[in-house]
Structures are given as C-alpha cells and as structure tokens.
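>>> give me a model of this one.
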Amino acid sequence: MRGGYLADGLIAGAVGTLALNTVTYLDIVVRARAASQTPEESAGRVADAAHLDLGAPPQAAHRRSGLGALMGYGLGVAAAVGFAALTRGRRQPILRSAALLGGGAMTLSDGSLTLLGVTDPRTWRRVDWLADLVPHLAYGVTAAATWNRLRRSG
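Model (predicted):
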C-alpha cells in the first residue's frame, strides 16, 4: 500500500509515546517527585502565541494540562512519522532506529521547550538529563521494535 509506511510510523510513534509516558510515571512513583509542569507551560505559550483564549483561570489550567499532554503525543507521533519518511518505509537495524527515534523525539521535545522559553537545557543537572533521557530511550527502543515488526513484510 503506497504511503502505508506513514501509517506504520504513526502506530510506532503512538506505541513509543505510551512507553515514554509509562517510564515517566514510574519515575514519578519511584522517586515520589512531582509531575513536570513543562507540558502545561508549553501549551500556555502556544495558546498565547496563537491568541487562543483558554477561558477563566480554573478552566484554562485544565485546558493547558490537556493540551500539554496532547502536544506530547503529537511530538511522539511526528517523530516516528518523520522517521518513516526518512527511511522510506524500510526496516532498519534496531540500534540505529532506536537512536534515531529516541534522539529525534528528545530533540523535538527539548527543542520546542527551549524555543518556547519554557526551559534551558544548559542549566539542567545530571538528574534532569537522566529523567529526560531514560524515557526517550524507552520511546526509541519501543518505537523501533514496533516499526520493524510492522514493516516485516514491507
């Protein structure tokens, strides 16, 4: 099916994003840390730039929370669809795929946060980098395995 590999990229991105979120929430449970506010802050910055009224303060906070999560899924899916286009639908060695997918998703995520002025990775401590790197590795490995499984006959 022509273009079917883009749909497979979408599926791989969704599965990878599920893995990323699972690892992130496990980290929250294990270290008893608060959830990051960066998704909500990003959503607020995007809404402001688009002149989008999110409503009164209580409703706006809830909308920023939902939009932040949806933007995360969008980035995860976009990274894998971009990978699918880059590889033209061909299977790839798992380590190369995992590095490209995980690194691509991390670059999209951290790059957008930086461009929006939500964070500055130059100020991050080692624990901050690990908290960002480990879930993106899970994304990369899971998305790569899913991609190769879906492309088995392609």
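>>> tell me how far S65 lies from A7.
29 Å (Cβ to Cβ, to the nearest Å). Bear in mind the C-beta positions are built from the backbone N, C-alpha and C, glycine included.
>>> actually Y25, not the one I typed
Distance from Y25 to A7, by Cβ to Cβ: 27 Å.
>>> and what of A98?
Distance, A98 to A7, using Cβ to Cβ: 21 Å.
>>> most remote residue from this protein's center?
A56 (28.5 Å; Cα atoms, centre = their mean).
>>> looking just at contacts, which helices and strands does the helix or strand hosting F83 meet?
Taking DSSP states H and E as the criterion, F83 maps to helix 57-87. Secondary-structure packing of helix 57-87 (3 or more Cβ pairs under 8 Å, 6 or more residues apart in numbering; DSSP states H and E): helix 4-31, helix 38-49, helix 94-115, helix 126-150.
>>> by how many degrees do that helix and helix 94-115 diverge?
Here the directions of helix 57-87 and helix 94-115 differ by 140 degrees (axes from the mean of the first three to the mean of the last three Cα atoms, to 10 degrees).
>>> could you pull out the buried residues of helix 57-87?
Across helix 57-87, burial judged by 16 or more other Cβ atoms under 10 Å covers 60, 63-64, 67-68, 71-72, 75-84, 87.
>>> ok, and what's touching stretch 31-39?
With contact meaning Cβ atoms under 8 Å, 6 or more residues apart in numbering, stretch 31-39 is reached by 27-28, 65, 68-69, 71-72, 113, 118-119.
>>> low pLDDT regions in the protein?
1-3, 153-154 (pLDDT under 70).
>>> what do you get if the cut-off is 90, keeping everything else the same?
For the chain, applying pLDDT under 90 flags the ranges 1-4, 152-154.
>>> from H136, how far off is the residue positioned nearest the centre of it?
For the chain, the residue nearest the mean C-alpha position is G76 (3.6 Å; Cα atoms, centre = their mean). Distance of G76 to H136, given as Cβ to Cβ: 10 Å.
>>> ok, now L150?
In terms of Cβ to Cβ, L150 sits 21 Å off from H136.
>>> who has more neighbours, those two?
Using other Cβ atoms under 10 Å as the criterion, L150 and H136 rank with H136 on top: 26 against 20.
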